[in-house]
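> 3D, please:
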Amino acid sequence: MRVVGVDLGSRRIGVAVSDPSGTLATPYTVIRRGRDHVVDHEAIAAAVAETGAQLVVVGLPLALSGRVEIAARRVLDEVEELTAAVPVPVECHDERLTTASAERSLRSAGMDGVARRRVVDQVAAAVLLQSWLDGRREGRT
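Numbering: from 1, shown residues only. You can find the predicted model right below:
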């Protein structure tokens, strides 16, 4: 099953996609936030259609303690809107430290700050999606 992973940032939305077997996540694109969520969700729906995804997994920014705080509440509110905008089910998955992990990987690859900023959101989405895929395979999700 092909899955789209989404990292909802305040300025950009990172998008990743799995292979058809649902084993490997790959960075896909970055969507610049529009004036409202409707435009953003249309772009996510277009990515779902382009990839033939059957599910969307959205990163849930829980606090390090695991609690749902302000950032996570905002994402949960937006996920409610997104669910109505895409033709496939939408799930949330813990995304703690995915952006930090993506930054470390890109820095290790020798990318400078400007190049990292262009791709970090889609790499973070791939880290998130890979975590979800691995958990599913291991029976954790």
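> ok, which stretches of this protein are strands?
With DSSP state E as the criterion, the chain has strands at 3-8, 12-18, 25-32, 55-60, 90-94.
> Gly66: neighbour count?
By other CB atoms under 10 Å, the residues close to Gly66 number 8. Where C-beta positions appear, they are placed from N, C-alpha and C, glycine not excepted.
> residues in contact with it?
Contacts for Gly66 (CB atoms under 8 Å, 6 or more residues apart in numbering) come out as Asp94.
> from now on call the first residue 57
With the count now opening at 57, the last piece we talked about shows up as Gly122.
> how much space separates it from Val71?
Distance of Gly122 to Val71, computed by CB to CB, to the nearest Å: 25 Å.
> got any ranges where this protein has weak pLDDT?
Counting by pLDDT under 70, the chain has low-confidence residues at 153-159, 162-163, 165, 167-174, 196-197.
> so how far is the longest helix along the chain from its chain's centroid?
Criterion DSSP state H: the longest helix present in the chain is helix 169-193. Distance of helix 169-193 from its chain centroid, counting by CA atoms, centre = their mean, to the nearest Å, is 7 Å.
> now stretch 121-133
15 Å.
> which positions within it qualify as buried?
128, 131 (16 or more other CB atoms under 10 Å).
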